[in-house]
Each structure stands twice: as C-alpha cells, then as structure tokens.
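> Pasting the sequence and the predicted coordinates here, then a few questions.
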Amino acid sequence: MKRIVLIAILFVVLVSCQTKQHQSESPSAYIPDTLMLSTAYEAFKEPSLSHRRIKHRDIEPLILKREGGPAFVVKQLGLSVQKRPLYQLTYGTGKTKIMLWSQMHGNESTATMAMFDLFNFLEGKHDSYDSIRNMIRTKTTLFFLPMINPDGAEIFNRRNALNIDLNRDARAAATPEGRVLKTAAKVNEPAFGFNLHDQHAYYNVPGTSNPATISFLAPAYNYQKDVNKVRKRAMQLIVGMNQLLQHYIPNGVAKYNDTHEPRGFGDNFQKWGASTVLIESGGYRGDPEKQYIRKLNFMIILNAFIEIAQGSYEQYDASDYTHIPENATKLCDLLIRNVTAEVDACIYPVDLAIKRDEITAPDSNFYVRGRIDDVGDLKESFGYKELDAKGLKFKKGKVYGTPINSVKELNMEKVMQLLKQGYLAVPIRHATGNLHYRLPILLSNTGKIYGNSPTLGSQANFFLAKDDKPIYAVVNGYLIDLSKTPQENFKNYIP
C-alpha cells in the first residue's frame, strides 16, 4: 500500500515538473503596463508637432538631425511626384523585422506624429526604459517610413499629386510613392507590418454614441478571407492592443470589414508574408487636433514592439479578434432631435444630423462649412453634441441691414445681441487680408444667407425658436445657446 502511494506521489511530481517545463518554454504572460506607456509618452512627446496639418517641411528636419546618430540609420528611398524626399529610418539589429508606414493619405497624420514620439523614446538612454529599448533593439529591426504621401500632406489632401489613392496602388505601382513602398517591402522582408491611417470622425461603435477612436483590421490576403499563420499573428496582436486600449477608451474600439482589396497595401503585405495590422485613428470628444489619439498610437505601437520582441502576443486567442465590433457610421457633429419644421405649408417633426466639413483655404489654413447630412427619424443616430429641440421651431435668420468694413467692428457681445434679434449674417464691404474669423455669425459679401432651410444638403445656418424668439442659433453647423457666452473655437471664413 505504501509503495502504491509513493508511486502516485512520484507521478504527480513528474507531471508537475513537465508542466512547469512546458510553461517555461512558452511566451511569458505579458501584461501591458499602462502607466509605464502613458508616462513614456509624456516624457518623449515631440514638442514641435502640435497639430494635424503637418507638412513635409515640418518633419524633414526631425529626420535629418538623426543622420549619423547612434540610434537610427536614415536613408532616402526616393522622391514623391513633386520631388519631396521619402525617407526610411531603421532602428535595431534583431532578427524579427517590423515595417511601419504612415500618411499614405496626405490628410491622415496622427500616426506620423506618434512616430516621432517613438523616435524620441527609442533614442533615449540612461533611464528606467533602457531595458525595454535594449530588448527591442536586440530582438527586432524596425523600419519606419513616415509620410509616404508628402504632396498630399502639403494641401492636406487624401490623394497624391497624380490624384491617385496610394492605398490602391500596391498592385500596379503606378506612382513613385507606391513603388518606393513596394520596393521597401521587398528589400526589408518584414515579418510584421503596421499600416497607419486616420478614419473620419463619424465612425462609431455600433449601437452607441462612442466614436470609434481606434479601429483595427487584420487584412484578408484573399477573397475567401482565409486565416493562415501570418494573418493569425496580426489578429493576436490586435487582441492585445484592444485589451490595452480598453483601459483608456472603454467601448471605443472597432474594426473594419475585412473584404479583400487586391489593390490595397495592407492586403498585399499580408499576402507577401508580413503579419499586417491596420490602425485607423478616428475621433475623440474634445480632441479636434487628435493629440490624445496620437498618445494612444504611441502606446499601442510601443506595446506591440514589446510583445513581438518577447513573443508574448502568442498568448492571445485570435478568435477574440472576431468579437471586436465592426465600425458603424451613425455619428455626426450635431444631432438636433424633435424640431418642428415647415416646408411648403407642411408642418412636421424632424431630426436633423449636421456635419462640419473642413475646407482648405487659399492660405492653406482651413475653415468649416456645416451642412445638413440627414433628415427624418434618426433615433439610431448619434451626435458629438445633441439637442432635444422638442417645443422649438425651425426659424430662418435675417441679414443685418448695415454693412461693416472689417470684422474688427464686431466682438462677441455685439454678435450675441444680433443673434438674439434674429440676425444670422452681417454684410461686409471689400473683405481683404485674413479672411478667417472666430465669431459665431456669418459675414457675407453677397448679403445672402446660404442654407436657412431644414432640407437635406442645405448649409446649416438657422435658428431654433420658441414663440418666434430665437433660443439657439446654428451657424456653420455650430450650435450656440443664446443664453450663454459661447466658448467654442469657431473656424469661419469670409467667402
């Protein structure tokens, strides 16, 4: 009997030892240190980049100053259509190769800013992050290609100077920028790829008013959407990044539909053997210049480097990728519910969804123009700002009778008085010079108000009134409560 017990004990010990040995050979269960990542961003954020509309001339000095330095190898890979240099910065000497490229679309700059924050981090030394840098440097080789479309960035335009969408040029490689990226993929032979983009701010997490602040995709390499080991690794990385983001933007992450795009670079990188993650930076309340979203990019990308370096991404179940909800498009800048409108003697209740388009002015600055994007029953839609206008009526605005010579003749107090009296626009004589202004009223060369109608596509300029008294004004898509001094940063322009 004693012999049987002894054998049983030995068996349990042997099994336990084998289990521990097996566990020691598997990736360690890395838990993202959210505080460390956040603190690192604050310490290494690149201060010279502070707004979305960065240009090639803003980043080129930051690239060239690293030539000959100890951390990066800087190489010019080619030229854009308009002869702007396209650079690659290489960091590390490790076996696992990772390639990142940003701003294929010239108006998608969030990850480009985050790249320079990462450069600052990676070239730091003699601090508490040295062990992380050493691991990344010795286990991986990083290839960064910032701002693939500098000509588009110059005018904050999606497409390049040939009016081609670079993310639809992987197959044909008709553009010099597309050829540079495709050649770099062939030469570098990365095991992992990060395709870094921005999506419009109107994507939301389905069924919620939450913006899809970050959206992911593990692109499909064929029409069947098969999952091989290459695509599976991308899914595992995304699962880890999503877990990290839930600490900062709970229920603010979505993913793209994975329909195969044979012309897309992400789909082709996946096909070429690089486990590729698409990161799309969307919207976040109170972050018009996307600086908080920039921080999120820094954190999830640095965290991905760590996980790839130590292999800990393998702990994640790729099937959890399928549980990330797909992007919805039910978000607008301003949603007005239950307003009473009248058109052609027909009185009806209606919801109005308003979006503010960014328009680049001749001086390369931008202004907004609000428009009514949808009308009707919009109960399943959401707004960054919402107003229940039940009991209020749509009211047309008037043009003030006396023209002004300069916007300097107005101030916020005068503007609020005019709005309360039902004046939505003021005529201006011979407007010249700086045509941008920050007051919530229309300045008109023509003496006309465009919009003033609750109809689809109309410019969003009108009042909401009670007993014919204006209670709210909507000017260029901005909502102004006439009982308060507005605090919003209006971006208006004299056309």
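That came through fine.

> wait, isn't Ile308 in contact with Thr140?
Yes. Counting by C-beta atoms under 8 Å, Ile308 touches Thr140, with 6.2 Å between them. Yep, even glycine has a C-beta here, placed from its N, CA and C like the rest.

> Mind listing the shared neighbours of these two?
Residues touching both Ile308 and Thr140 (C-beta atoms under 8 Å, 6 or more residues apart in numbering): 96, 98.

> Figure out the helix or strand that Thr276 lives in.
strand 275-281 (DSSP states H and E).

> now that strand: mean pLDDT?
Mean pLDDT, strand 275-281: 98.

> Buried ones in the helix or strand that that strand is followed by, by neighbour count?
Next in sequence after strand 275-281, counting helices and strands by DSSP H and E, comes helix 291-310. Buried residues in helix 291-310, counted by 16 or more other C-beta atoms under 10 Å: 291, 293-309.

> show me where pLDDT drops low in this protein?
The model of the chain has pLDDT under 70 over residues 1-32.

> Do a quick rundown of the helices in it.
2-25, 34-44, 56-64, 110-122, 130-139, 150-154, 176-188, 229-245, 265-271, 291-310, 412-420 (DSSP state H).

> Make CSV from those helices and add distance to Gln88 to it.
Listed next are the helices of the chain as CSV, based on distance: least, C-beta to C-beta, whole Å:
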stretch, distance to Gln88
helix 2-25, 35
helix 34-44, 21
helix 56-64, 10
helix 110-122, 12
helix 130-139, 17
helix 150-154, 14
helix 176-188, 6
helix 229-245, 22
helix 265-271, 15
helix 291-310, 17
helix 412-420, 49
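
> Nearest to Thr322 among the ones you listed would be which one?
Between Thr322 and the helices of the chain, the shortest gap by C-beta to C-beta is with helix 229-245, which sits at 8.4 Å.

> which helices and strands does the closest one pack with?
Applying 3 or more C-beta pairs under 8 Å, 6 or more residues apart in numbering; DSSP states H and E, we find helix 229-245 packed against strand 192-198, strand 214-217, strand 253-255, helix 265-271, strand 275-281, helix 291-310.

> Reformat those as CSV; add distance to Asp481.
As requested, those are exported to CSV (distance: least, C-beta to C-beta, whole Å):
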stretch, distance to Asp481
strand 192-198, 31
strand 214-217, 32
strand 253-255, 32
helix 265-271, 44
strand 275-281, 31
helix 291-310, 26
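
> Quick check: which of the ones you listed is nearest to Glu380?
The minimum distance between Glu380 and these falls on strand 253-255, with 16.1 Å, by C-beta to C-beta.

> In terms of secondary structure, what does the closest one contact?
Using 3+ C-beta pairs under 8 Å, 6+ apart, strand 253-255 sits against strand 214-217, helix 229-245.

> Distance from the chain centre to it, please.
12 Å (C-alpha atoms, centre = their mean, to the nearest Å).

> Any idea which of the helices and strands packed on helix 229-245 gets closest to Glu154?
strand 192-198 (16.7 Å).

> What is the closest one packed up against?
Contact analysis of strand 192-198 by 3+ C-beta pairs under 8 Å, 6+ apart lists strand 96-102, helix 110-122, helix 229-245, helix 265-271, strand 275-281, helix 291-310 as its packing neighbours.
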